[in-house]
Each structure stands twice: as structure tokens, then as C-alpha cells.
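J.: The sequence and its predicted three-dimensional model are supplied below.
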Amino acid sequence: MIRKKNIMLFACVLCIFSQLLTGCENNSDPVVKTGYYFDTIVTLTGYGKDADSVLEEGLLLCSRYENLFSRTIEGSDIWNINHAKGQPVEVQEETAYLLAQAVEFAKMTEGKIDPTVTPLSELWNFTGDPPGPVPQVSQIEALLPHVSYETIRIEGTAVRLEDPDARVDLGFIAKGYIADQLKALFEERGLSHALINLGGNVLAVGTKPDGSSFRTGIQKPFGERSELVRIIGLNDMSLVSSGSYERYFEADGVLYHHILDPATGYPADTDLSGVTILSDSSMEGDALSTACFILGQKKGQDLIESLPGIEALFVTKDGSLYQTGGFPE
């Protein structure tokens with residue numbers, strides 16, 4: 001029997017609706033705006049007299065990016081690339097930039113994350129209702145030759161897939177990029193105390209108006225939403241989590257999760273159930289959380305420790321916690 005667990009937020013924000021201390025001129029209750037983009041609930045929280053209008057502008061920006069980066073919205077830049085049958089497609093500068101960044105992360109991880117894994121993701125059908133079924137070996141083997149980031153050619157704002165049967169998806173990096181752009185927008189508009197929550201991507205803009213950090217919880221994989229493995233204070237930083245519990249189905253007693261290994265076409269065979277990355281850039285955190293999950297605890301930790309200014313928390317399948325030296329206790 002196949003079943004699908006509801007997608008849960010690996011990073012949940014605690015106490016964002018708490019009353020602020022009085023006595024500061026700009027203190028106020030939080031303003032909260034929500035929307036549904038990128039297949040997840042988006043929650044934007046801000047403080048100050050202009051927060052309402054700035055957060056509304058943030059939701060409009062989310063809508064714009066969804067219509068650029070979604071592979072399923074007809075006419076988006078990514079949809080156009082995937083349906084061009086190998087011909088060059090003119091895209092927005094941001095799309096070309098994000099694709100180039102996706103390729104760089106694919107190179108960094110020697111293909112452990114790959115924006116052209118799309119045909120395999122579609123075959124596995126983790127977003128279906130119901131999801132699945134488990135594909136035939138022959139189906140996977142037929143698609144593997146079309147998975148290679150090296151087929152992506154970017155010249156300015158012209159993008160071409162050398163393999164006309166290849167398809168790209170920016171799902172492992174797009175939400176992080178969008179969170180970074182929302183932060184840049186908020187700071188440009190003078191909103192210096194805010195919290196961006198795009199599902200498993202949480203990004204703090206500064207602190208709360210009273211100078212305290214945003215208290216952020218990291219959810220226990222496969223636990224109830226209130227079960228946390230760690231609570232940390234988030235101050236002008238990004239926290240991104242990925243895990244096997246986010247989207248999966250079971251068949252014949254085997255759990256199949258949505259994070260695929262591009263080399264095999266199957267869900268990554270890893271000792272981890274979750275990874276959380278703490279970094280300045282949410283885009284980096286997004287890509288690295290997926291890469292580290294596929295790499296496993298030891299190789300993933302080695303990778304993060306080689307990168308300055310980035311920390312990580314690893315949750316293994318048996319519930320053990322491992323972390324880099326600078327990850328908050």
C-alpha cells in the first residue's frame with residue numbers, strides 16, 4: 001500500500017507573535033502576511049509602520065519569481081527551456097544567473113545535486129495524489145542518460161539544453177535565492193526587522209525591534225510538528241533544512257523519499273534523515289542542505305567544514321546529532 005505523509009516544515013518559527021517590550025519608539029506588534037507559492041506556505045513577518053505595504057510587495061515578488069522559475073507553469077522561463085527541444089531560449093537575467101549558480105553547485109558536489117534530475121523526479125511522482133508507484137528499473141535506466149548538468153549552456157541570457165530530452169528544475173536552490181531577494185527588498189524599503197519563512201527556508205532580517213533574536217526550532221524528522229531537536233536564536237542569518245521526511249511514500253514496507261541521487265535515479269542511500277544549514281546566504285543553504293543529505297553525515301560534514309562561514313547540524317536515521325564546530329548548541 002502506498003501512502004504519503006503531509007509535508008511538514010522542518011524549520012518552524014517559535015514565538016513570532018509574542019508581545020514586544022515597550023519603551024522603544026518603533027516597537028509594534030508584528031505584521032504577518034501569508035501566501036502559497038513554490039508548493040509551500042510562505043509566511044512573511046515584519047515590524048514597523050511600513051511593514052504592511054512592504055510585506056505585500058514581498059508577496060508580489062514571490063508571485064513574480066514563481067512565474068519565472070516554475071517548471072510547471074506554462075510560459076515560465078524554465079518551462080520554455082524545457083520545451084525548446086534543444087533550441088536556445090532568451091530568459092530573464094535572474095533566471096540565467098540562478099541556473100548558472102545551480103550548475104556551479106552541481107560542479108562543487110561532483111553532480112550529487114543536479115538541476116537536470118527533473119525527468120527522474122517526474123517519473124517517481126512524489127507530488128501525486130497518491131504518489132508513486134515505484135518506477136520500473138528499465139524506466140529509470142532509460143532516463144539516466146538525460147541527467148547531466150553539463151548539457152546546460154548559458155551565454156548571457158540565452159539558455160540551451162544540448163540534450164533535447166533533458167529538463168531542468170531549480171527546486172533545490174530557488175527558494176533560497178528568493179529568500180535572499182526578499183531580504184534585499186526589505187532592507188531597501190527600510191524594513192530592518194523581519195522574518196522570512198518559505199517552508200524549510202527561514203531567513204531573519206536583523207533582529208526583533210528589542211534586539212532579541214528570532215527563536216527558531218529545528219523539527220525532529222518524522223516527529224510531530226512540535227517535536228524539536230534544537231531551538232536556536234536566529235539573527236540576520238538563514239536556516240535551511242532538508243530531509244527524507246519532507247515528501248515520501250511507502251511501498252511494500254520500504255520508504256522512498258524525494259531526494260534523488262542523480263547517479264542512480266533512486267532516492268539517495270544515506271545515513272541521514274535531516275540536515276540543517278546555517279549561513280548568511282539562504283541560496284547557499286538551500287543547495288548545501290540537499291547536497292549534504294545525499295553525501296551523508298561524514299562527507300557532508302567534511303564539505304561544510306571546508307566552507308568558511310557556514311555551519312550544519314546532521315540528524316542520522318537513528319536520531320543521533322552531529323554538528324560542525326560553530327553550530328549553536
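T.: Great, that's in hand.

J.: Could you pull out the buried residues of stretch 241-261?
T.: 241-249, 256-261 (16 or more other Cβ atoms under 10 Å). Every residue, glycine included, has its C-beta placed from N, CA and C.

J.: Kindly report the same for stretch 310-326.
T.: Within stretch 310-326, the residues that qualify as buried by neighbour count (16+ other Cβ under 10 Å) are I310, E311, A312, L313, F314, V315, T316, Y322, Q323, T324.

J.: ditto for stretch 51-59
T.: For stretch 51-59, the neighbour count (16+ other Cβ under 10 Å) marks A51, V54, L55, E57, G58, L59 as buried.

J.: now stretch 140-157
T.: Those would be I140, L143, H146, V147, S148, Y149, T151, I152, I154, T157, for stretch 140-157 by 16+ other Cβ under 10 Å.

J.: Ok, stretch 279-288 next?
T.: S279, S281, S282, M283, E284, G285, D286, A287, L288.

J.: Which of those sits closest to G86?
T.: Proximity to G86 was ranked across the buried residues of stretch 279-288 by Cβ to Cβ; first place goes to A287, at 25.9 Å.

J.: isn't that closest one right next to G171, touching?
T.: No - look at A287 against G171 with Cβ atoms under 8 Å: they stay out of range, at 10.6 Å.

J.: re the thing from before, pLDDT and secondary structure for the buried residues of stretch 51-59 - can I get that in TSV?
T.: TSV is the format used below for the buried residues of stretch 51-59 (pLDDT from 0 to 100; DSSP: H, G, I helix; E, B strand; the rest coil):
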residue	pLDDT	secondary structure
A51	97	helix
V54	98	helix
L55	98	helix
E57	98	helix
G58	98	helix
L59	98	helix
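
J.: could you dump those to JSON lines with distance to K85?
T.: Output for the buried residues of stretch 51-59, formatted as JSON lines (distance: Cβ to Cβ, whole Å):
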{"residue": "A51", "distance to K85": "46"}
{"residue": "V54", "distance to K85": "42"}
{"residue": "L55", "distance to K85": "41"}
{"residue": "E57", "distance to K85": "37"}
{"residue": "G58", "distance to K85": "36"}
{"residue": "L59", "distance to K85": "35"}
